[in-house]
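Q: I would like to see how this sequence folds:
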Amino acid sequence: MDKLISIFESDYILFMDIKQHVMIACNALQAQFIELYKAIKIYDPKQLPASDNNLANYGNKAINILAIFIE
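A: Sure thing, here's the model as predicted:
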């Protein structure tokens, strides 16, 4: 039984190591593409301006940033 428990403990540790590496990779990608990350928020309906006056120019900067990444 001790051998079985140690196998599960090592699997748990490996999972935690994988999770840590994935989180580091995600944070690095987010830092590298922070402008793209911010520009993608244009597609979130919760980000729409409350007034119609601001709606005319909403997302212009974000669209330009997205266009740069698509080129």
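Q: how is the protein carved up into domains?
A: 1-32, 34-71 (automatic domain parsing).
Q: Mind putting these into a markdown table with mean neighbour count?
A: Any C-beta I mention is one placed from the backbone N, CA and C, and that applies to glycine too. Below are the domains of the chain laid out as a markdown table (neighbours: other C-beta atoms under 10 Å):
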| stretch | mean neighbour count |
| --- | --- |
| domain 1-32 | 10 |
| domain 34-71 | 11 |
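Q: any idea which of these scores lowest on pLDDT?
A: Within these, confidence is poorest for domain 1-32, with a mean of 71 (mean pLDDT).
Q: And the contacts of the strand or helix carrying residue 35?
A: Per DSSP states H and E, residue 35 falls inside helix 34-40. Taking contacts as C-beta atoms under 8 Å, 6 or more residues apart in numbering, the residues outside helix 34-40 that touch it are 30, 61-63, 65-66, 69.
Q: Let's have the residues you listed in CSV, adding secondary structure and distance to residue 18.
A: Converted to CSV, those look like this (DSSP: H, G, I helix; E, B strand; the rest coil; distance: C-beta to C-beta, whole Å):
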residue, secondary structure, distance to residue 18
30, helix, 19
61, helix, 37
62, helix, 33
63, helix, 37
65, helix, 32
66, helix, 32
69, helix, 29
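Q: Determine which two of these are furthest apart.
A: Largest separation among these by C-beta to C-beta: 30 and 63, giving 20.5 Å.
Q: Of all residues in this structure, which one is nearest the centre?
A: residue 30 (5.8 Å; C-alpha atoms, centre = their mean).
Q: if you skip the residues just before and after it, what's nearest to that residue?
A: What sits nearest to residue 30 in space, not counting adjacent residues and going by C-beta to C-beta, 6 or more residues apart in numbering, is residue 37, at 5.7 Å.
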